[in-house]
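>>> Generate a structure from the sequence data that follows.
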Amino acid sequence: MSAEQLRTETENNGAAKPSLRRRLATSQGSLARLLRWGYRAVNRFSVPAPRIIVRPLLRFFLLIRRAYYFVVRVFFCEPLFKAYCTKYGRNLHTGCFLHWIAGKGDIVLGDNVTLDGKTTIVFAARFSDHPTLEIGDNSGIGHNCFFTVGKLISIGRNCILSGDISIMDSSGHDTDPVTRWAYKPPESEDVRPVVIRDGVWIGKHCLIFPGVKIGEGSVISAGSVVRSHVPPYSVVAGNPAKVMFRLKKPDQSRQTM
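The predicted model follows:
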């Protein structure tokens, strides 16, 4: 039997024996129409929601949810994350997720640090005895941020990192194709620390490459890919990120008041 004949016979067999779901969807029989009507009726079904009833139910639900997340955060997530830390300051807060931490390294946190949502931290111990993630006082990390630490990622004080940010001090692979095909790690000199100075704001979905230094008070616009150093008090955007304009340096006398 030729390939064309086999294909034709297969199509004929498929057409002769449609599936039960297709028969119910296309049949004009009374039973099939009744089942289709019942299916649509179930999908459209809803119940009235008088405010005098549903508002107390909503408040009760919100109270229970808040209590549940409080217990999970305070008695499970925060203590377990603190067990990972080499050093942490006062008022460390996390969300109600268990952060994903792989490898062995040092996590050093200042006072009033918040890691909201779920954070992923991957340490690569082959490049340093103590790969370190540092986060300064009053800084916040948003949901679903990803840190790859071979030597050092340092985040200063009063920094805001929005969600879905990736920061790496190593690409994880060598640029030489032969070395890469052999699944060998990059050379140690290709692992370059990332330093983010005080007061930096990084928007969502940004990617910070190895060796980057971001100057004090700068803003990294959402979706930026930062491959080179960022001057202090600059707003950058794009792929690769470029300086859009400069910010006015704050008055030091007002900061000390």
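>>> which residues of the stretch 51-200 of the chain fall in helices?
Under the criterion DSSP state H, counting those that start in this stretch, helices of the stretch 51-200 of the chain are mapped to 51-72, 78-84, 177-181.
>>> Mind checking the ones you listed for the one nearest to Asn91?
Across these, Asn91 has its closest neighbour in helix 78-84 (10.6 Å, CB to CB). All C-beta atoms are positioned from the backbone trio N, CA, C, and that covers glycine.
>>> what's the spacing between that closest one and its chain's center?
Centroid separation for helix 78-84 versus its chain: 20 Å, with CA atoms, centre = their mean, to the nearest Å.
>>> please renumber so the chain begins at 58
I'll keep to 58 as the first residue from here, and by that count the last item is helix 135-141.
>>> looking at the helices of the stretch 108-257 of the chain, which is buried most?
Greatest average neighbour count among those goes to helix 135-141 (a mean of 14), per mean count of other CB atoms under 10 Å.
>>> Just the residues contacting that helix, thanks.
Tyr145, Leu149, His150, Thr151, Leu155, His156, Ile158, Ile164, Leu172 (CB atoms under 8 Å, 6 or more residues apart in numbering).
>>> Apply 6 Å and report the result again.
Helix 135-141 is contacted by residues Tyr145, Thr151, His156, Ile158, Ile164 when judged by CB atoms under 6 Å, 6 or more residues apart in numbering.
>>> what's the neighbour count on the first one?
By that I understand Tyr145. Residues near Tyr145, counting by other CB atoms under 10 Å, number 18.
>>> ok, now which ones touch the closest residue to it other than its chain neighbours?
Leaving aside its sequence neighbours, Tyr145 sits nearest to Leu166 (CB to CB, 6 or more residues apart in numbering; 4.2 Å). When contacts are counted by CB under 6 Å, 6+ apart, Leu166 touches Tyr145, Leu149, Ile192.
>>> Could you report the pLDDT at Pro289?
The score at Pro289 is 95. That number is its pLDDT.
>>> for Gln309, same thing?
Gln309 is assigned 67 on the pLDDT scale.
>>> where exactly do the strands run in the stretch 208-314 of the chain?
If DSSP state E, counting those that start in this stretch is used as the criterion, the strands of the stretch 208-314 of the chain fall at 209-212, 217-218, 223-225, 251-253, 258-259, 264-265, 270-271, 276-277, 282-283, 291-295, 298-303.
>>> With that, I have no additional questions.
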